[in-house]
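1. Dropping a prediction and its sequence here:
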Amino acid sequence: MSVHLMMSAGRGPRECSWALARLARRLESDATRRKVVTRRVETVAGERPGTFRSILLQISGAGAEEFAVSWTGTLCWQAPSPYRAGPGRKNWYVTAQPCDMSQVRTVFDERDVDMVPCRTGGPGGQHRNKASTAVRATHRPTGTVVVVDTERQFTLNRAIALRLIRERLEAGDAAAGRQAETTRWRIHDDLIRGDPTRTERP
């Protein structure tokens, strides 16, 4: 069992990046106590050494999902700022949200493609109009359909149809991947300050 948790300082001040680093270490210590494995998949450094704007964690092992839930939401690190002198604000907020890291890849197999010969009209002479040289190709798993009649031989049109279906499936996978990445990065703007789900102190 494995889940991913994105921890982000959002658009908060530099103290939030400082708080994120400390909250991440606290989370990792908590995971060790609960015999859950964590791994930092991706980090974005903050302005100051040892701080982070975001950390993407992979959490795995028995109870990984339950553990991730216990650290999900608005987190508060309660301590004086290390960057500002004198009394002042002591609550620094970050967000932790699960994110989908699954990569959907459509497996292309020619056996999943139905090929149906068909006739086409238009220019090309008497042979092209009467013979079933065009092809209608349907990829059954996704419903993707292409019709190819650019060549005067069925075998050539069939080869082109297979190539076009493969290209469309790859383009669809790439678009889905970009959308998933955009969704993950929106987490940075979802930070709600106040009323934290969890508060930690040094």
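-> Arrived safely. Model, not experiment: these values are computed from the prediction.

2. Let me see the domain layout of the protein.
-> 2-102+191-200, 110-179 (automatic domain parsing).

3. So which of those domains is the most surrounded?
-> domain 2-102+191-200 (a mean of 17; mean count of other CB atoms under 10 Å). For every residue, glycine as well, the C-beta is placed using N, CA and C.

4. just how off-centre is that domain within its chain?
-> 19 Å (CA atoms, centre = their mean, to the nearest Å).

5. One more: stretch 85-104?
-> Centroid displacement of stretch 85-104 relative to its chain, using CA atoms, centre = their mean, is 18 Å.

6. Dump the C-alpha coordinates for it into CSV.
-> The C-alpha trace of stretch 85-104 is given here as CSV (Å, rounded to 0.1, in the frame of the first residue of the first chain):
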residue,chain,number,x,y,z
ALA,A,85,13.2,40.0,16.4
GLY,A,86,10.8,40.6,19.3
PRO,A,87,7.4,39.2,20.1
GLY,A,88,5.0,38.6,17.2
ARG,A,89,3.3,36.0,15.3
LYS,A,90,3.9,32.4,16.3
ASN,A,91,1.6,30.4,14.1
TRP,A,92,3.0,29.3,10.7
TYR,A,93,0.7,27.3,8.4
VAL,A,94,1.3,24.8,5.7
THR,A,95,-1.0,22.4,3.9
ALA,A,96,-0.7,18.7,3.4
GLN,A,97,-2.9,17.0,0.8
PRO,A,98,-3.0,13.6,-0.9
CYS,A,99,-2.3,13.6,-4.6
ASP,A,100,-2.7,11.1,-7.3
MET,A,101,0.7,10.1,-8.8
SER,A,102,-0.6,7.2,-10.9
GLN,A,103,0.5,7.4,-14.5
VAL,A,104,-2.2,6.2,-16.9
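
7. if we can go back for a sec, I'd like the domains of the chain as a markdown table, with mean pLDDT appended.
-> Listed next are those as a markdown table, based on pLDDT from 0 to 100:
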| stretch | mean pLDDT |
| --- | --- |
| domain 2-102+191-200 | 92 |
| domain 110-179 | 82 |
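
8. Give the other helices and strands that the biggest helix by length in the chain contacts.
-> What stands out as the longest helix in the chain, according to DSSP state H, is helix 154-185. Contacts defined by 3 or more CB pairs under 8 Å, 6 or more residues apart in numbering; DSSP states H and E place helix 154-185 against strand 113-118, strand 134-139, strand 144-148.

9. Who does the shortest one pair with, and is each partner parallel or antiparallel?
-> Translated: strand 144-148. Each strand paired with strand 144-148, and its direction, by DSSP bridges: strand 134-139 (antiparallel).

10. For the closest residue to residue 63 other than its chain neighbours, which residues are in contact?
-> Excluding its sequence neighbours, the residue lying closest to residue 63 (CB to CB, 6 or more residues apart in numbering) is residue 36, at 6.0 Å. Listed by CB atoms under 8 Å, 6 or more residues apart in numbering, the contact set of residue 36 reads 59-64, 67.

11. what's the span of stretch 79-93, first residue to last?
-> Using CA to CA, to the nearest Å, the end-to-end distance of stretch 79-93 comes out at 11 Å.

12. Likewise for stretch 148-159?
-> Start-to-end span of stretch 148-159 (CA to CA) is 9 Å.
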